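Asks: Sequence first, then the predicted structure, then my questions.
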Amino acid sequence: MALSPMDVTQFATVDTTRAARVLNEVRSARLSGGRAPVAPRPVIEESWGRMLRSGVDPEHDFRAGLLSPEEVRRRRDASPLRHVLPVLREGLLSVADVAQHIMVVADDEGRVLWREGSARVLRRADGLGFELGADWREEVVGTNGVGTPAVTRRPVQVFAAEHFVRSQATWTCAGAPITDPRSGRLLGVVDVSGPLETMHPATLAWVDSVAKLAEARLREMHVRSLERLRTVAAPVLARLDGRALVTDRDGWTAAVTGMPPLDRVVLPKSPASGPRWLPGFGAATVEPLGEGWLVRAAREPVPQGGARMVLDLGHPRRWWVRVLGGAEDWERELSPRHAELLYLLAVHRSGRSAAGLAEDMFGDPARTVTVRAEMSRVRKYLGAYLEHRPYRFCDDVEIEVALPPDPRDLLPHSTAPAVAERRGVVPVP
């Protein structure tokens, strides 16, 4: 009897050997252009397509050079993930060790920074090149539980020959991305891996739950840091006239005076004291204050429109908007959702209603509340260049969209029907 993709995942817990054999037949058929006994799961088939387009060799693994121990330490010290290691260890390691798994934490570039768990499994991982400092990006080592979640921005379990590279077919892994709750930026991936016989369908939900706990801890830390900054800001702002605010180093607002509350200001990559033009705020003077910045409004007019905007979607995991030709050139890294929204507005220059964007994003025109909330966040940094009713770019803004060479690689994380259609992929219901 033919098995559906979901049946294969469940069946592996009953008969691991047979499930691995079926998946190996599926992989061989897909690579040779033959007829597969069962369709790969959509997330796996899409990943295999990316691997074939990028030239990853399915029969021979490629191992990039390991980072030096000094560089691993430097990246650990710089990574926000160091703050949530206790959460990850408490949630994963005790069970992982008993179940003959290992826990792996990689940064946003797919480099393995932490690796703990069963000593026997760690030795087997060494044979796969799954070592400290190794590069496990999808475009380097193929479909896997570190690189694929980083591209899709969602939890992914990869079992046996679902791995694109043959040498990894004795392995099973489940990984979940960890994103910065302040910006949506990918911080890294936590993965639980082990030999085939350790596979369990509940592993993915377990890993994803712990990743969400880690994100919640990061959110709590951010709130506490703003509260500390607020105690420094209050007496300073009390002495000022006019509009002013104090932000942390990422532009999140701790306190304001003379103006309505503002969640965040887009700061330059390397803020410096002196006059600046800040998107969504206007002309300002900026100076350091505690662990953040004091921003005071200047009296010059705020430029509106007349700019050139570059929406850079050419990278599989990170996306930017760059505004050129205004009072000051600037750029901002986009969250996955904002990358989708701005792309859809660039496609529909005449504009889209909230219902239209909800249809584009979710296939459901009733989900306007979600769309309006996200567009409100977008307008906080692009408000000078956007109109609403319908949502659209200003007529005098020149838009350039930088796309990947192959349209099938457009926003690979996105499940939005309108984006999937432009990739030439039929969205999965």
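Replies: Ah, there it is.
Asks: Surely Met361 is within a strand?
Replies: No: counting by DSSP: H, G, I helix; E, B strand; the rest coil, Met361 is located in no strand; its state is helix.
Asks: which residues of the stretch 1-150 of the chain fall in helices?
Replies: 5-11, 16-32, 42-54, 69-78, 85-88, 94-98, 119-127, 138-141, 147-152 (DSSP state H, counting those that start in this stretch).
Asks: least trustworthy helix or strand in the chain by mean pLDDT?
Replies: Lowest by mean pLDDT, DSSP states H and E among the helices and strands of the chain is helix 5-11, with a mean of 60.
Asks: Please report how far the closest residue to Ala125 other than its chain neighbours lies from Gly133.
Replies: Nearest residue to Ala125, sequence neighbours excluded (Cβ to Cβ, 6 or more residues apart in numbering): Ile102, at 6.1 Å. No exception for glycine: its C-beta is placed from N, CA and C like everyone else's. Here Ile102 is placed at a distance of 15 Å from Gly133 (Cβ to Cβ, to the nearest Å).
Asks: that older thread, weakest of the helices of the stretch 1-150 of the chain by average pLDDT?
Replies: Here the lowest mean pLDDT among the helices of the stretch 1-150 of the chain goes to helix 5-11, at a mean of 60.
Asks: And for the protein, the residue most distant from the center?
Replies: Ranking residues of the chain by C-alpha distance from their mean position (Cα atoms, centre = their mean) puts Arg239 at the top, at 40.9 Å.
Asks: Quick check: it vs Pro275, distance?
Replies: From Arg239 across to Pro275, the span is 21 Å (Cβ to Cβ).
Asks: just Val104 next, same as before
Replies: Taking Cβ to Cβ, one finds Val104 at 46 Å from Pro275.
Asks: Show me which of the two is the more surrounded one.
Replies: In this view Val104 and Pro275 are compared by other Cβ atoms under 10 Å, and Val104 has more residues nearby, 27 against 11.
Asks: right, and the more buried one touches Val112 too?
Replies: Yes: if you go by Cβ atoms under 8 Å, Val104 and Val112 touch, sitting 5.8 Å apart.
Asks: Identify the contacts common to these two.
Replies: Common contacts of Val104 and Val112 (Cβ atoms under 8 Å, 6 or more residues apart in numbering): 130, 146.
Asks: before we move on, back to that, so for Ile102 and Gly133, which sits in the more crowded spot?
Replies: Higher neighbour count among Ile102 and Gly133: Ile102, with 25 against 17, using other Cβ under 10 Å.
Asks: residues in contact with that one?
Replies: Residues counted as contacts of Ile102 (Cβ under 8 Å, 6+ apart) are 96, 115-118, 121-122, 125, 192-194.
Asks: Kindly reformat the residues you listed as a markdown table containing distance to Ala307 and neighbour count.
Replies: A markdown table is the format used below for the contacts of Ile102 (distance: Cβ to Cβ, whole Å; neighbours: other Cβ atoms under 10 Å):
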| residue | distance to Ala307 | neighbour count |
| --- | --- | --- |
| Ala96 | 50 | 24 |
| Arg115 | 46 | 20 |
| Glu116 | 48 | 16 |
| Gly117 | 51 | 24 |
| Ser118 | 55 | 21 |
| Val121 | 53 | 21 |
| Leu122 | 52 | 15 |
| Ala125 | 49 | 23 |
| Val192 | 46 | 28 |
| Ser193 | 47 | 28 |
| Gly194 | 52 | 24 |
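Asks: With distance to Asp360 added, can I get those in JSON lines?
Replies: JSON lines is the format used below for these (distance: Cβ to Cβ, whole Å):
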{"residue": "Ala96", "distance to Asp360": "40"}
{"residue": "Arg115", "distance to Asp360": "41"}
{"residue": "Glu116", "distance to Asp360": "43"}
{"residue": "Gly117", "distance to Asp360": "42"}
{"residue": "Ser118", "distance to Asp360": "46"}
{"residue": "Val121", "distance to Asp360": "44"}
{"residue": "Leu122", "distance to Asp360": "45"}
{"residue": "Ala125", "distance to Asp360": "42"}
{"residue": "Val192", "distance to Asp360": "35"}
{"residue": "Ser193", "distance to Asp360": "36"}
{"residue": "Gly194", "distance to Asp360": "40"}
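Asks: how much space is there between the residue lying closest to Leu410 once chain neighbours are set aside and Arg21?
Replies: The shortest distance from Leu410 to any non-neighbouring residue, by Cβ to Cβ, 6+ apart, is to Arg423 (5.0 Å). Arg423 sits 32 Å away from Arg21, going by Cβ to Cβ.
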